[in-house]
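**Q** 3D model of this:
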Amino acid sequence: MPSQFDLTGSVALVTGGSSGIGRRMAGALATAGAKVVLVARRADKLADTQSEIEAAGGVVASVTADLMDKTVIDDLYKRAAEPFGAPTILVNGAGVNLREPWQDVTLESWDHQIHLNLSVPFFLSRACVPGMIDKGYGRIINIASLQSYRAFANSMPYGASKGGVLQLTRAMAEAWSKDKINANAIAPGFFHTELSAAVFANKELAEHNARMTAIGRNGELEDLDGVTVFLASPASAYITGATIPVDGGFTAK
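**A** Numbers count the residues shown, from 1 in each chain. Next up is the predicted model:
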């Protein structure tokens with residue numbers, strides 16, 4: 001009997017796949033047997049990630065695209081489906097946090113964060129839905145945040161966008177689960193990535209964040225592997241509309 005966690009035959013589209021959480025999730029999906037299509041704007045970083053996944057035995061392709069260009073979504077879906085066919089798994093991993101004091105937020109910086117963190121996951125997911133329906137299987141994994149639940153300083157637009165991701169995930173589940181497309185989100189705690197580099201550059205702050213967890217440490221990227229494969233796999237068939245904190249118990253305290 002095949003494993004409930006075996007992703008052989010699946011095609012996974014991962015935005016933000018060239019670095020950080022997206023890169024790690026792409027590798028986990030490839031290890032579980034999925035053919036992976038990486039999307040990011042930096043071609044050199046994409047090439048590095050593709051080489052890393054291929055060296056580990058994974059099957060992977062890359063698409064260079066700037067998701068801040070509001071005209072790219074439909075074309076991006078077509079390009080992403082070319083290497084292996086229509087994606088049955090979508091990881092909306094691309095994101096940005098400009099960490100501006102509220103006084104410094106402009107219409108442009110607000111729109112930048114809302115668009116990439118909230119609008120792109122909706123419109124790209126919508127583009128993927130017909131192909132998932134045709135294949136009779138779909139898994140959408142959004143990236144929420146501690147800020148989906150709590151407020152942090154200098155992150156008002158980011159917090160608004162990530163609060164929106166939590167509700168967007170529920171709305172996706174309500175709309176599409178009847179078509180065998182499950183939508184869930186992962187809410188990471190503090191992981192050392194490009195996005196959180198400023199946090200980890202402050203040793204006292206990083207140690208404080210670790211103490212705030214129930215486990216007593218900040219996240220390691222490998223902590224995301226299991227939940228990623230689970231939410232992408234048949235094992236999660238009766239889970240939809242959920243946001244799962246992967247935060248060491250930060251939100252439990």
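
**Q** going forward, measure contacts between C-alpha atoms and count neighbours the same way
**A** Noted.

**Q** packing partners for the longest helix along the chain?
**A** The longest helix of the chain (DSSP state H) is helix 156-176. Secondary-structure packing of helix 156-176 (3 or more C-alpha pairs under 8 Å, 6 or more residues apart in numbering; DSSP states H and E): helix 107-114, strand 138-143, strand 181-188.

**Q** Now find how far off-centre the second one is within its chain.
**A** The chain centroid and the centroid of strand 138-143 are separated by 8 Å, computed with C-alpha atoms, centre = their mean, to the nearest Å.

**Q** Beyond the helix or strand of the chain with the lowest mean pLDDT, next helix or strand please.
**A** Scoring the helices and strands of the chain by mean pLDDT, DSSP states H and E places helix 197-201 at the bottom, with a mean of 87. Per DSSP states H and E, the first helix or strand lying C-terminal to helix 197-201 is helix 203-211.

**Q** what's next to that following helix, contact-wise?
**A** If you take C-alpha atoms under 8 Å, 6 or more residues apart in numbering as the criterion, helix 203-211 is touched by 190, 199-200, 216-218.

**Q** go on, stretch 122-136?
**A** 73-74, 77, 86-88, 90, 138, 140, 168, 176, 179-181.

**Q** cool, stretch 108-121 as well?
**A** Taking C-alpha under 8 Å, 6+ apart as the rule, stretch 108-121 contacts 67-68, 73, 92, 94-98, 142, 157-158, 160-162, 164-165.

**Q** Only alpha carbons, please: show it as PDB.
**A** Extracted as PDB, the C-alpha positions of stretch 108-121 are listed here (Å, rounded to 0.1, in the frame of the first residue of the first chain):
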ATOM      1  CA  GLU A 108       3.300  52.300  -2.100                       C
ATOM      2  CA  SER A 109       4.800  50.300   0.800                       C
ATOM      3  CA  TRP A 110       1.400  49.400   2.100                       C
ATOM      4  CA  ASP A 111       0.300  48.100  -1.400                       C
ATOM      5  CA  HIS A 112       3.600  46.300  -1.800                       C
ATOM      6  CA  GLN A 113       3.100  44.200   1.300                       C
ATOM      7  CA  ILE A 114      -0.600  43.600   0.900                       C
ATOM      8  CA  HIS A 115      -0.200  42.700  -2.800                       C
ATOM      9  CA  LEU A 116       2.600  40.200  -2.300                       C
ATOM     10  CA  ASN A 117       1.500  38.700   1.000                       C
ATOM     11  CA  LEU A 118      -2.300  38.500   0.400                       C
ATOM     12  CA  SER A 119      -3.400  39.400  -3.200                       C
ATOM     13  CA  VAL A 120      -0.900  37.100  -5.000                       C
ATOM     14  CA  PRO A 121      -1.900  34.000  -3.000                       C
END
